[in-house]
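In: fold the stuff below for me.
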Amino acid sequence: MPTILFPSPVFGPIHSRRLGTSLGVNLLPADGKVCSFDCIYCECGLNMSHRPHTKLPARKDVRTALEKKLKNLADKGMKLNAITFAGNGEPTGHPEFPAIVDDVVALRDRLAPAAEICVLTNATHIIKPEIFEALRRVDNPLLKLDTVDVEYIRRVDRPQNRYDLDELVEKMRAFHGRCTIQTMFLKGTWQGESVDNTTERYVLPWLQTIKTINPMLVTIYTIDRDTPDESLEKATHEELDAIAERVRNAGLKCSVSY
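Out: Next comes the predicted model:
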């Protein structure tokens, strides 16, 4: 079960299934994973298997590395679709995240004005005012909501700290549509229990909740790389297409990554 860990604090550009040509900003150590979730499908592996031995990158090091990379790409004439906070865990957990967002916005405006600033986040920290406001300053905060079934979340996403789904959904609504909802659909089993969230039991209440959040985009996807357990399976193209059609019929934009 190979694991993907990303360089820090900047990696790529890579081709993202959802965001195009994207330069990654990894606010976590390069040698391990730090996350407020411990998703059973994470391409970086499980938290306990990949404890880092180095520190989080400092704000000044992120700024210096990103400026150097953006200048290099500009000199080569390479155009970016996105500058994306991603990497080895949850980026909004970095203690300097709001200030780093401001640095990235300033560098983007100066060196890559056509690129969107995106944040791939599990959304666990949006209840903190400073994180919420920082995410409102980026172009595209992609907020995870795999289901609205708390038992499923505890079994599959496995929050590591206090987790109040109702509070988080209410905060998602407070973005007033300036966010993307990202949802992983998968099948198979974990420790002998089904993790299939493509069924009506999960899709209908999820869709009803998404409608109340009214995001600018819903992006649905399935596992693409090796996961910590070989018993997990991809959702089929047909299942993803059927869910996407229901999202669109509800009046929302939806993209699918197979």
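In: show the model's pLDDT score for residue 3.
Out: Predicted confidence (pLDDT) for residue 3: 69.
In: the strands in the stretch 101-250 of the chain, which residues?
Out: Applying DSSP state E, counting those that start in this stretch to the stretch 101-250 of the chain gives strands spanning 116-121, 140-144, 180-184, 186-190, 193-194, 217-221, 232-234.
In: I'd like these laid out as CSV, including mean pLDDT.
Out: Formatted as CSV, the strands of the stretch 101-250 of the chain follow (pLDDT from 0 to 100):
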stretch, mean pLDDT
strand 116-121, 98
strand 140-144, 98
strand 180-184, 98
strand 186-190, 95
strand 193-194, 95
strand 217-221, 97
strand 232-234, 95
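In: let's have the ones you listed in JSON lines, adding distance to residue 96 and mean neighbour count.
Out: Yep, even glycine has a C-beta here, placed from its N, CA and C like the rest. Below are these laid out as JSON lines (distance: least, C-beta to C-beta, whole Å; neighbours: other C-beta atoms under 10 Å):
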{"stretch": "strand 116-121", "distance to residue 96": "14", "mean neighbour count": "22"}
{"stretch": "strand 140-144", "distance to residue 96": "18", "mean neighbour count": "23"}
{"stretch": "strand 180-184", "distance to residue 96": "24", "mean neighbour count": "23"}
{"stretch": "strand 186-190", "distance to residue 96": "33", "mean neighbour count": "18"}
{"stretch": "strand 193-194", "distance to residue 96": "39", "mean neighbour count": "10"}
{"stretch": "strand 217-221", "distance to residue 96": "27", "mean neighbour count": "21"}
{"stretch": "strand 232-234", "distance to residue 96": "34", "mean neighbour count": "17"}
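In: so which of these gets nearest residue 248?
Out: strand 217-221 (8.9 Å; C-beta to C-beta).
In: list the contacts of residue 56.
Out: Contacts for residue 56 (C-beta atoms under 8 Å, 6 or more residues apart in numbering) come out as 27-29, 34, 94-95.
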